[in-house]
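A.B. asks: Pasted the sequence and its predicted model underneath.
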Amino acid sequence: MKKVGIMGGTFNPIHVGHLMLAENAYACENLDEIWFIPSADPPHKKEENVLNYEFRSQMTELAVRNIPYFVKYDFEAQRKAYSYTAETLRLLQQLYPDNEFYFIMGADSLFQIETWYEPASVMARAVLLVAVRDHYSTQEMKKQISYLTEKYDARIHLMNMPEIDISSRMIRNRVKNRETIRFFVPEVVREYILSHHLYEGE
């Protein structure tokens with residue numbers, strides 16, 4: 001059985017925080033691969049100006065192409081519906097029944113997961129691999145994990161990693177303000193953003 005980590009996201013743009021989170025997951029759980037799945041039509045970003053899928057997909061491809069166990073997967077590209085995690089995991093299980101999936105998330109998502117579309121389905125179809133962040137106490141995390149485990153029979157694993165104070169919104173704002181984004185994103189992604197004049201007019 002192949003152990004596959006799922007990194008879903010808008011990736012608008014992908015940045016080093018995403019890559020560090022994926023690398024930690026790979027090492028902590030001895031995963032075989034990490035699949036980066038850019039969201040085609042993310043429901044929680046309806047009010048934001050999300051960049052065209054092809055741009056986001058290309059940047060993700062550039063960011064992961066030299067890491068043999070990182071894979072950019074265009075699973076969402078042909079879908080016509082919102083990119084709900086529950087639906088993505090359901091379809092992935094149908095396509096790859098022999099894989100065990102680990103859904104990688106930040107600590108914030110662990111406390112918000114019950115607001116997601118079909119949270120019970122998400123927790124039934126994947127192990128939740130959660131990055132522990134400094135602003136949540138161990139007691140808070142353990143209480144939430146105990147609650148979700150009891151209510152949903154969730155499988156939740158924690159991984160320690162340092163706080164990475166980088167966000168896609170920050171990067172977009174820095175581009176708009178003509179500030180450097182070197183080292184915030186992989187160099188190939190930085191060059192792609194600049195050469196295509198992305199985010200300059202936001």
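C.D. replies: Good, I have the coordinates. Numbering: from 1, shown residues only.
A.B. asks: correct me, but M105 touches L128?
C.D. replies: Yes - using C-beta atoms under 8 Å, M105 is in contact with L128, at 6.4 Å. Bear in mind the C-beta positions are built from the backbone N, C-alpha and C, glycine included.
A.B. asks: quick one: common contacting residues for these two?
C.D. replies: Each of I113 lies in contact with both M105 and L128 under the rule C-beta atoms under 8 Å, 6 or more residues apart in numbering.
A.B. asks: Look at the two and report which has more neighbours.
C.D. replies: Neighbours per residue, other C-beta atoms under 10 Å: of M105 and L128, the larger number sits with M105, 24 against 21.
A.B. asks: Can you tell me the element the residue located most distally from the centre of the chain falls in?
C.D. replies: Taking C-alpha atoms, centre = their mean, the residue of the chain most remote from its mean C-alpha position is R178, at 26.5 Å. Element membership of R178 [criterion: DSSP states H and E] is none; it lies in no helix or strand.
A.B. asks: And the strands in this protein, which stretches?
C.D. replies: Using DSSP state E, the strands found in the chain span residues 2-9, 33-38, 70-72, 99-106, 127-132, 156-160.
A.B. asks: And the helices in this structure, which stretches?
C.D. replies: With DSSP state H, the ranges of helices along the chain come out as 16-29, 53-64, 85-95, 107-112, 119-125, 138-152, 168-176, 187-195.
A.B. asks: Does the first one pack against any helices or strands, and if so which?
C.D. replies: Right, the one you point to is helix 16-29. With contacts taken as 3 or more C-beta pairs under 8 Å, 6 or more residues apart in numbering; DSSP states H and E, helix 16-29 sits against strand 2-9, strand 33-38, helix 53-64, strand 99-106, strand 127-132, strand 156-160.
A.B. asks: Now the third one: buried residues?
C.D. replies: Along helix 53-64, the positions that meet the burial threshold by neighbour count (16 or more other C-beta atoms under 10 Å) are 53, 55-64.
A.B. asks: Deepest-packed of the helices of the chain, please.
C.D. replies: Most buried of the helices of the chain by mean neighbour count (mean count of other C-beta atoms under 10 Å) is helix 53-64; its value is a mean of 20.
A.B. asks: That helix - contacts with which helices or strands?
C.D. replies: In terms of contact count using 3+ C-beta pairs under 8 Å, 6+ apart, helix 53-64 is assigned the packing partners helix 16-29, strand 33-38, strand 70-72, helix 187-195.
A.B. asks: Let's have the helices and strands packed on helix 16-29 in CSV, adding distance to E114 and mean pLDDT.
C.D. replies: Formatted as CSV, the entries for the helices and strands packed on helix 16-29 read as follows, by distance: least, C-beta to C-beta, whole Å; pLDDT from 0 to 100:
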stretch, distance to E114, mean pLDDT
strand 2-9, 18, 96
strand 33-38, 22, 96
helix 53-64, 28, 96
strand 99-106, 13, 96
strand 127-132, 13, 93
strand 156-160, 13, 92
